[in-house]
Each structure stands twice: as structure tokens, then as C-alpha cells.
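Colleague: just to be clear, the model below is a prediction. Sequence and coordinates:
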Amino acid sequence: MSGINADSPHILLVDDDGRLRALLNRFLSENGFRVTMAESAAEARDKLRFMDFDLMVLDVMMPGESGLEFTGDLRSDRAPAMPILLLTARGTPEDIVAGFEAGADDYLGKPFDPRVLLARLRAMLRRAQPAPSPTGPLQLGPAVFDPLRGELVSPNTRIRLTGAELSLLMAFAARPHEILSREAIAAALGLDDVNERAIDVQVTRLRRKIETDPRDPRFLHTVRGKGYILKPGA
């Protein structure tokens with residue numbers, strides 16, 4: 001094992017395939033991760049009650065509650081916005097979009113090279129702990145985003161953001177009133193390529209958090225053929 005200790009990233013690995021769980025447990029442990037395993041969404045929910053995790057690797061096609069259903073439930077206000085990577089044998093564009101819309105931060109089709117999974121997980125960890133921005137708090141209507149604290153707060157409550165949503169908002173907050181290309185957004189999200197549909201889905205999810213009417217955005221605007229721009233204001 002590579003120096004695993006209490007400060008090592010802690011992964012919750014959820015998959016009903018016992019052989020795959022064992023292989024990934026060994027590989028991730030050898031690469032410096034603490035791994036806790038579960039074979040179903042129900043068992044994972046029990047683990048989440050008593051332990052804290054930095055990441056979750058979650059199979060989509062499981063008996064009972066699917067990975068998509070479990071992700072959607074975790075993305076409700078009842079659970080912290082822990083980064084989630086979905087694993088699935090179904091890798092069509094529609095399946096990938098469904099995963100992002102459910103609230104996943106990344107998506108990896110089976111079969112996969114474990115080294116690719118490792119790179120994705122490390123990128124997710126970097127996104128989950130974005131570097132502080134020198135930009136001060138931004139007013140987004142009734143809500144305020146504080147880049148130094150990584151918090152989006154409305155007058156009455158803190159608005160929960162997924163890891164990808166926070167990374168995206170941090171990127172826009174660092175360059176307000178500037179157009180961010182899809183390439184720049186992909187880099188901020190740690191994506192390996194510029195998947196326009198995946199980027200558009202993440203922008204749509206962020207709009208739902210900061211806009212009164214996401215279909216008629218006031219702050220996060222599309223610049224046709226160029227990308228997106230954040231225009232904060234009261």
C-alpha cells in the first residue's frame with residue numbers, strides 16, 4: 001500500500017459485482033486511497049450514516065435501487081454534495097447525459113482501464129478542493145457567492161452545490177464578465193475532452209441554483225459560438 005493513513009482520500013465503492021469490488025479495492029488501496037465497499041445502494045446508505053467519504057464510485061446497473069436513482073436521492077438537500085463517479089456498461093450519449101442530470105460529477109463506461117479511473121478520481125479530488133479565488137463575493141440577485149469560502153448563500157439558507165457545480169462557479173467567479181469557452185469550462189471541470197452536451201448539462205444544473213428562471217437566465221448567459229459568461233449583479 002502507498003502510505004495510507006487517516007488523511008488519505010476515503011472512497012465509498014458501490015457495485016454488486018464482488019470480483020470488480022475486490023480488484024478495485026486492491027488497485028485503489030495500492031495507489032493511496034482508503035476504500036470502503038458496499039454491494040447495494042441500501043448498504044451504501046448505511047455506510048454514509050456512520051462514515052465520511054471524499055468520493056463515491058457507484059455502479060449504475062444494480063438490483064433494487066439503481067445508481068442513477070441513488071445519485072438523485074443523494075443530490076437532494078438531505079445529503080452532502082459528495083463527488084460521485086458513475087460506472088456503467090451502458091455508455092451511450094443518452095446514458096452519459098442521464099448520469100450528469102442525476103447529479104454525477106463524472107461517468108466511466110465499462111470495461112475501463114483502472115489507470116483511467118485513478119486519473120478521474122484524482123481530478124475529482126482537485127475539483128472538490130478548488131484553489132481560492134482572489135475575487136470578492138459576487139451578488140447573484142438575492143444570493144451571494146463567496147469564492148474564498150466556496151459558498152453560495154441565499155437570504156435564508158446555504159445553497160448546496162455539487163463538486164462540479166462549485167468548480168464551474170469558481171471558474172466563472174474568477175473571470176466575471178469574461179466569456180469562458182467550452183475548452184476552458186472542460187478544463188475547470190477536469191474533463192478529458194470537450195463534450196459539449198456534458199458541459200451544457202452542467203451549466204444548466206448551475207443555472208438552476210443561481211437563476212430565478214433558468215430558461216431566461218439573468219446572470220449566466222450563453223454566447224453563441226463562443227461559450228458562456230457570468231454577469232453578476234443585484
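Modeller: Structure received.
Colleague: give me the low-pLDDT residue ranges for this structure?
Modeller: 1-3, 77-80, 128-135, 192-194 (pLDDT under 70).
Colleague: let me see the ranges of the strands in it.
Modeller: 10-14, 34-38, 55-59, 84-88, 106-109, 138-140, 143-146, 151-153, 158-159, 179-180, 220-223, 227-230 (DSSP state E).
Colleague: tell me which residues are up against the third one.
Modeller: Translated: strand 55-59. By Cβ atoms under 8 Å, 6 or more residues apart in numbering, the surrounding residues in contact with strand 55-59 are 9-17, 24, 44, 67, 70-71, 74, 82-88, 104, 117, 121, 124-125, 128. No exception for glycine: its C-beta is placed from N, CA and C like everyone else's.
Colleague: cool, the fourth one as well?
Modeller: Judged by Cβ under 8 Å, 6+ apart, the contacts made with strand 84-88 from elsewhere in the structure are 15, 55-61, 67-68, 71, 74, 95, 99, 103-110, 112, 117, 120-121, 124.
Colleague: ok, back up a step: next, format the strands of the chain as TSV and append mean neighbour count.
Modeller: Converted to TSV, the strands of the chain look like this (neighbours: other Cβ atoms under 10 Å):
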stretch	mean neighbour count
strand 10-14	22
strand 34-38	19
strand 55-59	25
strand 84-88	24
strand 106-109	20
strand 138-140	19
strand 143-146	19
strand 151-153	17
strand 158-159	13
strand 179-180	17
strand 220-223	15
strand 227-230	21
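Colleague: let's have those strands in CSV, adding distance to Val201.
Modeller: Formatted as CSV, those follow (distance: least, Cβ to Cβ, whole Å):
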stretch, distance to Val201
strand 10-14, 22
strand 34-38, 27
strand 55-59, 18
strand 84-88, 13
strand 106-109, 11
strand 138-140, 20
strand 143-146, 20
strand 151-153, 19
strand 158-159, 19
strand 179-180, 16
strand 220-223, 14
strand 227-230, 13
